[in-house]
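> When you get a sec, could you give me coordinates for this:
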Amino acid sequence: MSAKGDEQATKSYWYPDKAPANSDLKKGYSPAVFMMRSLFLVSIPACVVIVSFLVAGQHEEYLQLFRAFSADVQKIADQKSLWTIVGVVVGAVFVFIFALTVFLMKRPTPVYLVDFACFQPPESCKVNREQAMGVLRKVDTYTQETLDFQERLLLRNGLGHETYFPPCVHKDSPVCNMAEARDEFVMVFKGCLDPLFAATKLKPRDIDIIIVNCSLFNPTPSMAAMVINHYKLRSDILNYNLSGMGCSAGVIAVDLAKDLLQVHANKNCLIISTENITQNWYYGNEKSMLLSNTLFRMGGAAMLLSNKPRDAARAKYRLKSVVRVHKGANDNAYNAVFQMEDKAGFRGVALSKELMTVAGDALKANLTILGPRVLPWSEQIKFFLNLCLRKYETFMGNPKRTPAYTPDFKKAFQHFCIHAGGRAIIDAMEENLKLKPEDVEPSRATLYRYGNTSSSSIWYELQYVERSGRLKKGDSVFQIALGSGFKCNSAVWVRMRPYSCKHGTVCISVTVFVV
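Numbers count the residues shown, from 1 in each chain. From the prediction side, this is the model:
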């Protein structure tokens with residue numbers, strides 16, 4: 001599929017001709033419904049108390065009982081009416097306390113992002129476009145047609161001249177075996193965790209939970225076990241290893257950490273998001289499987305999350321919302337990104353022609369659920385009225401006369417971290433969400449500077465946002481990523497404190513890399 005065809009296919013990325021699914025709308029409003037239901041239950045006892053006193057004030061018998069109460073309590077104590085009122089009041093107070101306790105227990109525990117660190121590969125791993133083509137030419141299984149096709153991809157995929165390949169790829173005779181793949185992961189997690197531990201002043205043995213996500217490399221012992229062994233973490237640490245989850249696995253790891261921190265009080269969680277390039281090089285000649293060679297690059301990120309109240313003062317962000325959408329029940333979605341072997345027996349990841357359509361459907365469902373949770377009421381009312389009008393027109397037999405209303409998500413978020421999955425995806429998100437060039441600058445800069453680093457790309461983008469000097473206390477940051485399966489996952493963070501740029505800006509201005 002040509003790059004031009006990819007861009008054309010993404011024009012309907014936001015709300016196609018059909019209206020959003022009612023099930024997605026219900027999911028989006030479910031937190032608000034729960035809050036209203038809880039407040040309603042809490043208010044019932046208070047209403048009972050008020051009504052009981054109003055009723056008491058309208059009956060002379062009750063007035064006489066209360067007037068005589070101060071004079072002779074013992075005489076009135078035998079009368080059932082007084083005990084009825086006392087029982088109603090005590091019962092109402094008990095129900096009120098019980099309902100309030102349940103409401104407070106059901107309220108989610110705040111989850112904080114204390115800090116994060118992105119892997120900065122060494123200069124020895126850096127490649128420009130010419131060097132990348134040199135690496136490809138060393139593969140003797142490629143035909144000249146395949147090399148020419150990959151060269152065209154390199155020129156139009158949005159990557160710059162300073163991306164990174166793992167060390168084994170740079171060798172004259174690369175041997176991309178499991179040992180080299182392990183070495184790549186060790187280089188990545190040490191490059192992330194050492195600066196993270198230094199910045200947070202946290203000892204490795206203080207980690208309570210660890211989650212590692214890597215889609216295509218899943219050794220035994222696991223990658224989480226490799227980290228535990230290297231840093232000699234505690235024996236009671238909770239460890240999880242996520243594989244096969246695609247480029248959106250970073251948000252899945254955050255969601256898993258959030259759920260774990262709801263049930264484990266006063267704990268912290270370490271997340272490592274990466275993708276292994278060493279063992280996932282495609283050596284065949286199927287065009288649908290060649291994109292990974294030219295688009296994916298070496299990278300990784302580590303995040304420290306916590307639910308400890310004392311960490312709120314030093315945390316950078318608070319997690320506001322996570323939305324996960326999985327379209328795997330649909331065969332086209334399931335097969336859109338598929339790891340397989342080609343006719344010659346070479347293993348790689350194939351991208352189907354329906355990929356952009358599938359991605360648009362997943363994105364639509366995700367934003368439909370997320371919108372009610374984050375959009376201001378003005379945008380929700382506009383969307384609701386537009387939805388009602390479109391349904392009325394469909395009912396009257398005149399569908400598609402009124403275009404779908406695209407909510408202004410810039411009123412909910414100040415910063416956007418859109419997965420750097422490719423130039424066409426970023427273009428489509430910018431156009432259909434009506435974003436400005438500066439809104440997608442972190443994504444374009446990350447794609448240009450680091451390439452597609454899979455699940456860690458949204459963290460390179462957040463690093464860019466921080467070092468650009470635009471981030472302020474109270475700002476909302478929107479992270480969204482697409483992955484195989486097919487999945488669309490998003491997270492919303494709220495900045496807890498101002499950012500002071502101590503390291504200088506390392507990313508290149510967007511005006512430099514318009515290619």
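> those strands in the protein, which residues are they?
112-118, 126-127, 163-164, 209-213, 238-242, 268-274, 300-306, 317-326, 337-341, 347-351, 415-418, 476-483, 487-495 (DSSP state E).
> So which elements touch the first one?
The reference is to strand 112-118. helix 178-200, strand 300-306, strand 317-326, helix 457-467 (3 or more C-beta pairs under 8 Å, 6 or more residues apart in numbering; DSSP states H and E). Yep, even glycine has a C-beta here, placed from its N, CA and C like the rest.
> swap the cut-off to 10 Å and go again
helix 178-200, helix 249-263, strand 268-274, strand 300-306, strand 317-326, helix 457-467, strand 487-495 (3 or more C-beta pairs under 10 Å, 6 or more residues apart in numbering; DSSP states H and E).
> what's the answer for the third one, then?
Counting contacts by 3+ C-beta pairs under 10 Å, 6+ apart, strand 163-164 is packed against strand 126-127, helix 129-137, helix 441-450.
> Just name the most buried of these.
helix 441-450 (a mean of 26; mean count of other C-beta atoms under 10 Å).
> so that helix versus strand 476-483, what angle?
Taking axes from the mean of the first three to the mean of the last three C-alpha atoms, to 10 degrees, one finds helix 441-450 and strand 476-483 inclined to each other by 50 degrees.
> Pull helix 441-450 out as CSV, backbone CA atoms only.
Taking Å, rounded to 0.1, in the frame of the first residue of the first chain, the C-alpha atoms of helix 441-450 are listed here in CSV:
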residue,chain,number,x,y,z
GLU,A,441,4.9,18.8,17.2
PRO,A,442,5.9,16.4,20.0
SER,A,443,4.8,13.5,17.8
ARG,A,444,6.6,14.7,14.7
ALA,A,445,9.7,15.5,16.6
THR,A,446,9.8,12.1,18.2
LEU,A,447,9.3,10.3,14.9
TYR,A,448,12.0,12.4,13.3
ARG,A,449,14.5,12.1,16.1
TYR,A,450,14.0,8.6,17.4
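> mean confidence score for it?
Helix 441-450 carries an average pLDDT of 95.
> if we can go back for a sec, tell me which of the helices and strands packed on strand 112-118 lies nearest to residue 338.
The closest of the helices and strands packed on strand 112-118 to residue 338 is strand 487-495. By C-beta to C-beta, the value is 13.8 Å.
> And that closest one, what does it pack against?
Counting by 3+ C-beta pairs under 10 Å, 6+ apart, the packing neighbours recorded for strand 487-495 are strand 112-118, helix 249-263, strand 317-326, helix 355-374, strand 415-418, helix 457-467, strand 476-483.
> Output the ones you listed in CSV, with mean neighbour count, mean pLDDT and distance to residue 194 appended to each entry.
Compiled in CSV, these are given as follows (neighbours: other C-beta atoms under 10 Å; pLDDT from 0 to 100; distance: least, C-beta to C-beta, whole Å):
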stretch, mean neighbour count, mean pLDDT, distance to residue 194
strand 112-118, 23, 97, 8
helix 249-263, 22, 96, 20
strand 317-326, 20, 95, 22
helix 355-374, 23, 88, 34
strand 415-418, 26, 95, 24
helix 457-467, 25, 95, 16
strand 476-483, 24, 94, 24
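> rewinding a little: okay if I get the helices and strands packed on strand 112-118 as CSV plus distance to residue 113?
Formatted as CSV, these follow (distance: least, C-beta to C-beta, whole Å):
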stretch, distance to residue 113
helix 178-200, 11
helix 249-263, 9
strand 268-274, 10
strand 300-306, 6
strand 317-326, 4
helix 457-467, 9
strand 487-495, 6
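> could the helices and strands packed on strand 487-495 go into TSV alongside distance to residue 304?
Formatted as TSV, the helices and strands packed on strand 487-495 follow (distance: least, C-beta to C-beta, whole Å):
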stretch	distance to residue 304
strand 112-118	4
helix 249-263	10
strand 317-326	11
helix 355-374	24
strand 415-418	18
helix 457-467	12
strand 476-483	16
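> Out of these, which gets nearest to residue 339?
Short answer: strand 476-483, nearest of the helices and strands packed on strand 487-495 by C-beta to C-beta, at 12.5 Å.
> Which secondary structure elements does that closest one sit against?
Counting by 3+ C-beta pairs under 10 Å, 6+ apart, strand 476-483 packs on helix 249-263, strand 317-326, helix 355-374, strand 415-418, helix 457-467, strand 487-495.
> rewinding a little: now for the strands of the chain, which one comes closest to residue 359?
The nearest among these, by C-beta to C-beta, is strand 476-483 at 5.3 Å.
> Pairing partners for that closest one, with directions?
Sheet pairing of strand 476-483 (DSSP bridges) gives strand 415-418 (parallel), strand 487-495 (antiparallel).
> pretty sure residue 246 is in contact with residue 215, am I right?
Yes. Under the criterion of C-beta atoms under 10 Å, residue 246 makes contact with residue 215 at 5.5 Å.
> overlap in contacts of the two?
Counting by C-beta atoms under 10 Å, 6 or more residues apart in numbering, the residues touching both residue 246 and residue 215 are 275, 337, 349, 454-455, 483-484.
> Pull the contacting residues for residue 191.
Residues near residue 191 by C-beta under 10 Å, 6+ apart: 117-122, 299-302.
> Would you convert those into a markdown table that also reports distance to residue 150?
Below are the contacts of residue 191 laid out as a markdown table (distance: C-beta to C-beta, whole Å):
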| residue | distance to residue 150 |
| --- | --- |
| 117 | 32 |
| 118 | 27 |
| 119 | 25 |
| 120 | 26 |
| 121 | 22 |
| 122 | 25 |
| 299 | 20 |
| 300 | 24 |
| 301 | 27 |
| 302 | 32 |
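> Make a ChimeraX selection of the buried ones in those.
To isolate the buried subset of these in ChimeraX, counting by 16 or more other C-beta atoms under 10 Å, use the following:
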select :117,118,119,121,299,300,301,302
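> hmm, back to that, of the helices and strands packed on strand 487-495, which is nearest residue 445?
Closest among the helices and strands packed on strand 487-495, using C-beta to C-beta: helix 457-467, at 5.3 Å.
> which residues does residue 401 contact?
Residues in contact with residue 401, defined by C-beta under 10 Å, 6+ apart, are 389-390, 393-394.
> Tell me how far it lies from residue 434.
From residue 401 across to residue 434, the span is 22 Å (C-beta to C-beta, to the nearest Å).
> Over to residue 212?
In terms of C-beta to C-beta, residue 212 sits 37 Å off from residue 434.
> on that earlier part again, which one of the contacts of residue 191 sits closest to residue 460?
Nearest to residue 460 among these is residue 118, at 5.3 Å by C-beta to C-beta.
> nearest to residue 284, of the shared contacts of residue 246 and residue 215?
residue 349 (11.3 Å).
> ok, that closest one touching residue 338?
Yes. Residue 349 lies in contact with residue 338 (C-beta under 10 Å); the separation is 7.0 Å.
> Spit out the residues that contact the two alike.
By C-beta under 10 Å, 6+ apart, residue 349 and residue 338 have these common neighbours: 288-289, 484.
> By neighbour count, sort out the buried ones in these.
Buried members of the shared contacts of residue 349 and residue 338, scored by 16+ other C-beta under 10 Å, are 289, 484.
> in this protein, what spans have low per-residue confidence?
1-88, 99-107, 399-400, 500-515 (pLDDT under 70).
> could the strands paired with strand 476-483 go into TSV alongside distance to residue 475?
Putting those into TSV (distance: least, C-beta to C-beta, whole Å) gives the following:
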stretch	distance to residue 475
strand 415-418	6
strand 487-495	5
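> And the furthest pair within the contacts of residue 401?
Spatial extent of the contacts of residue 401 (C-beta to C-beta) is set by the pair 389 and 394 at 9.8 Å.
> Can you report how many residues lie near residue 310?
Neighbour count of residue 310, defined by other C-beta atoms under 10 Å: 9.
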